[in-house]
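A.B. asks: Sequence plus predicted model, see below.
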Amino acid sequence: MKEYRVEARTYYSKLSTNKNHIIESSMPEIQSIMDEYAADGWRLVSTDAANFGLALYIYLYFEKG
């Protein structure tokens, strides 16, 4: 039977001239999460993102089995 997990992260925008600052600052943390799950046998099967106000919500969907 397959198992599923969702990891959710919230990142907040700040005043910056760099329009990619959220992507650049969140990539190391997201990569670390993916590496940890992969080491435990999980596979990233989907992603999703949503924004509301100054927040960006990122969802990582993992499957195992």
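C.D. replies: Noted; the coordinates are in hand.
A.B. asks: Can you give the contact residues for the strand or helix carrying residue 33?
C.D. replies: Here residue 33, judged by DSSP states H and E, is contained in helix 21-39. Contacts with helix 21-39, where a contact means CB atoms under 8 Å, 6 or more residues apart in numbering, come from 5, 7, 9, 11, 13-14, 18, 44, 56, 58, 60, 62. To be clear about C-beta, it is placed using only N, CA and C from the backbone, and glycine gets the same treatment.
A.B. asks: shaky segments in the protein?
C.D. replies: Filtered on pLDDT under 70, the chain yields no residues whatsoever.
A.B. asks: Which of the contacts of helix 21-39 fall in strands?
C.D. replies: Among the contacts of helix 21-39, DSSP state E puts 5, 7, 9, 11, 44, 56, 58, 60, 62 in strands.
A.B. asks: got those as CSV, with neighbour count columns?
C.D. replies: Below are the ones in strands among the contacts of helix 21-39 laid out as CSV (neighbours: other CB atoms under 10 Å):
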residue, neighbour count
5, 11
7, 17
9, 14
11, 19
44, 14
56, 17
58, 20
60, 20
62, 20
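A.B. asks: Put together JSON lines for those, with distance to residue 33 on each row.
C.D. replies: Shown next, in JSON lines, are the ones in strands among the contacts of helix 21-39 (distance: CB to CB, whole Å):
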{"residue": "5", "distance to residue 33": "11"}
{"residue": "7", "distance to residue 33": "6"}
{"residue": "9", "distance to residue 33": "8"}
{"residue": "11", "distance to residue 33": "13"}
{"residue": "44", "distance to residue 33": "9"}
{"residue": "56", "distance to residue 33": "15"}
{"residue": "58", "distance to residue 33": "10"}
{"residue": "60", "distance to residue 33": "7"}
{"residue": "62", "distance to residue 33": "9"}
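A.B. asks: Good, wrapping up.
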